[in-house]
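Asker: how does the following fold in three dimensions:
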Amino acid sequence: MKTDTIAAIATPMTNSSIGIIRISGDDSLEIIEKVFKAKKKKSMKEVPSYTAHYGYAYDGDKMLDECIVLVMKGPHSYTTEDVVEINCHGGTMVMKKILEAVVKAGARPAEPGEFTKRAFLNGRIDLSEAEAVMDLIHSKNEFALKSSLKQLQGVLGDKIVSIRKKIIHSVAFIESALDDPEHYSIDGFADELKEQILEIMKELKYFLDHADNGRILKEGIQTVIVGKPNAGKSSLLNMLLGEDRAIVTDIAGTTRDALEESIQINGITLNIIDTAGIRETDDLVERMGVDRAKKLLKRADLILYVVDTSVPLTSEDTQISVLIHGKQTIALMNKSDLEPVVKAQDLKDKGFENIVEISAKEKKGLDALYDKINTMFFRGEVTFNDEIYITNVRHKNAVSNALDSLNLVLNSIEKGMPEDFFSIDLLDAYEQLGFIIGESVSEDLVNEIFSEFCMGK
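Answerer: Below is the predicted model of the structure:
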């Protein structure tokens, strides 16, 4: 890694006003000397760091474009290496030609995420901060953006480092006491360690308990619309989207496959899936749609159960009630503009607690639905404060494994085991938490994480 210099186009490969070619490595300044001629003749090796220079990009004697070059010398750069960015016009052909010239001058094409990977490997950021870069790029809403920014600032990493210091301090004390019992007394240490572990576990459990909140803030609420045929599911989808996305007819079974859309509700993303009406059918295509709807219900965060209140409940409603039992559900009493046959009490008798009256046809009841969602997921108010969320499945697994190891330490303390037994599980917890910030991570995992990054980042 240290011996080569990388380059990539850091802006989207589409015709636009500005394009950026990024270069990083020991030979960056030497390479830019070969492909750039400043209007005011000067050596890029001699210019101060964090300066911009106007001139022209060349491939040999052939002028390619008018551009501005930014010079950021290491170690005070994104990668901690010498970094140069060529700001040119954003035509795809122009950017390709300049990148080809840079490669001819001695750079090699960067792999996806290699600039951020170098920032991690060179110690400028930890792994949780590196992953936050990608989360920031893919933020779907304001809260995901803020959460990514907090992680990018190192808030999560700092917390993990603090916890690991407490753990390794205890391990060091145990080892010292066992090696030098004359100077280090182990008496009463088990009780002190127990209190410390319980405090650490409290912090880690908070991360785990709020992991789903973090995922929802980042990815959105996975929402499935379900109901029997002709209950108004597609009309509800159209009402939520504010456009006619799904076909609506009086013919039962119109929707035969799942339709997926995303909307923003008070800053939170709702990933909505409209499914085929659940009923017994001989139609092969419709039956496949029904089977898919049942599978989608199993991994939904929220189910919107649409009930046609103008007709009595049927065995199909009973079947749906069984399928969604125990899931986060809002029963929507649709067609409230018609004479109701089904009352709210009928749904309460079937175990539904969250009930909202709507009329998808007349577009009524949206505010009440939004309020109910906020109450269910965010206690009535969607806010982003100083709390730290883990939004990554890899982080969640590491925290869970660390908790398991700390539980083993508690068990050893309760059973009166020798102190050296504590060290084994304490070190395992220490290592598990190290996976989050990248201090105990394998090369293969690092490569896998950064392979998901976009080119030029």
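
Asker: for this structure, name the helix or strand with the lowest mean pLDDT.
Answerer: When the helices and strands of the chain are scored by mean pLDDT, DSSP states H and E, helix 284-298 comes last with a mean of 66.

Asker: what's the first helix or strand after it?
Answerer: Next in sequence after helix 284-298, counting helices and strands by DSSP states H and E, comes strand 302-308.

Asker: which strands and helices sit next to that following strand?
Answerer: Under the contact criterion of 3 or more CB pairs under 8 Å, 6 or more residues apart in numbering; DSSP states H and E, strand 302-308 touches strand 221-226, helix 233-241, strand 329-334, helix 366-378. C-beta coordinates here come from the backbone N, C-alpha and C atoms, glycine included.

Asker: same thing but 6 Å
Answerer: Applying 3 or more CB pairs under 6 Å, 6 or more residues apart in numbering; DSSP states H and E, one finds that strand 302-308 contacts strand 221-226, strand 329-334.

Asker: now the strands for this protein?
Answerer: Along the chain, the segments classed as strands by DSSP state E run 6-9, 16-24, 36-38, 51-59, 62-72, 83-90, 108-109, 221-226, 259-265, 268-274, 302-308, 329-334, 355-357.

Asker: mind giving me the packing neighbours of the longest one?
Answerer: The elements that strand 62-72 packs onto, with contact taken as 3+ CB pairs under 6 Å, 6+ apart, are strand 51-59, strand 83-90, helix 92-104.

Asker: would you list these in JSON lines and tack on distance to Lys457?
Answerer: Formatted as JSON lines, these follow (distance: least, CB to CB, whole Å):
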{"stretch": "strand 51-59", "distance to Lys457": "21"}
{"stretch": "strand 83-90", "distance to Lys457": "13"}
{"stretch": "helix 92-104", "distance to Lys457": "15"}
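
Asker: hmm, back to that, worst mean pLDDT among the helices and strands packed on strand 302-308?
Answerer: For these, mean pLDDT drops lowest on strand 221-226, to a mean of 86.

Asker: where's that one relative to the chain centroid, distance-wise?
Answerer: Here strand 221-226 shows a centroid-to-chain-centroid distance of 19 Å under the convention CA atoms, centre = their mean, to the nearest Å.

Asker: can you list contacts of it?
Answerer: The contact list for strand 221-226, computed with CB atoms under 6 Å, 6 or more residues apart in numbering, reads 233, 236, 270-275, 296-297, 300-305.

Asker: look at Lys42 and report its pLDDT.
Answerer: With respect to pLDDT, Lys42 scores 87.

Asker: rewinding a little: which among the strands of the chain is found nearest to Gln432?
Answerer: strand 221-226 (27.7 Å; CB to CB).

Asker: can you list the strands that the closest one pairs with?
Answerer: Strand partners for strand 221-226, identified by DSSP bridges, are recorded as strand 268-274 (parallel), strand 302-308 (parallel).

Asker: how about these in TSV, adding distance to Tyr54 and mean pLDDT?
Answerer: Formatted as TSV, the strands paired with strand 221-226 follow (distance: least, CB to CB, whole Å; pLDDT from 0 to 100):
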stretch	distance to Tyr54	mean pLDDT
strand 268-274	42	81
strand 302-308	54	89
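
Asker: out of those strands, deepest packed?
Answerer: Greatest average neighbour count among these goes to strand 302-308 (a mean of 25), per mean count of other CB atoms under 10 Å.

Asker: quick revisit: and of the contacts of strand 221-226, the nearest to Lys457?
Answerer: Asn271 (24.8 Å).

Asker: hang on, that closest one packs against Ile216?
Answerer: No - judged on CB atoms under 6 Å, Asn271 makes no contact with Ile216 at a distance of 10.0 Å.

Asker: residue furthest from the geometric center of the protein?
Answerer: Glu182 (51.1 Å; CA atoms, centre = their mean).

Asker: from Asp191, how far off is it?
Answerer: Using CB to CB, to the nearest Å, we find Glu182 at a distance of 22 Å from Asp191.

Asker: mean pLDDT and distance to Gly19 for the helices and strands packed on strand 62-72 - can I get that in TSV?
Answerer: Shown next, in TSV, are the helices and strands packed on strand 62-72 (pLDDT from 0 to 100; distance: least, CB to CB, whole Å):
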stretch	mean pLDDT	distance to Gly19
strand 51-59	96	11
strand 83-90	95	4
helix 92-104	95	4
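
Asker: now those in CSV, with mean neighbour count and distance to Lys361?
Answerer: Converted to CSV, the helices and strands packed on strand 62-72 look like this (neighbours: other CB atoms under 10 Å; distance: least, CB to CB, whole Å):
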stretch, mean neighbour count, distance to Lys361
strand 51-59, 16, 59
strand 83-90, 22, 47
helix 92-104, 19, 48
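
Asker: picking up where we left off before, can I get the strands of the chain in JSON lines with distance to Asp425?
Answerer: Formatted as JSON lines, those follow (distance: least, CB to CB, whole Å):
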{"stretch": "strand 6-9", "distance to Asp425": "42"}
{"stretch": "strand 16-24", "distance to Asp425": "41"}
{"stretch": "strand 36-38", "distance to Asp425": "57"}
{"stretch": "strand 51-59", "distance to Asp425": "53"}
{"stretch": "strand 62-72", "distance to Asp425": "45"}
{"stretch": "strand 83-90", "distance to Asp425": "43"}
{"stretch": "strand 108-109", "distance to Asp425": "45"}
{"stretch": "strand 221-226", "distance to Asp425": "36"}
{"stretch": "strand 259-265", "distance to Asp425": "43"}
{"stretch": "strand 268-274", "distance to Asp425": "39"}
{"stretch": "strand 302-308", "distance to Asp425": "38"}
{"stretch": "strand 329-334", "distance to Asp425": "40"}
{"stretch": "strand 355-357", "distance to Asp425": "48"}
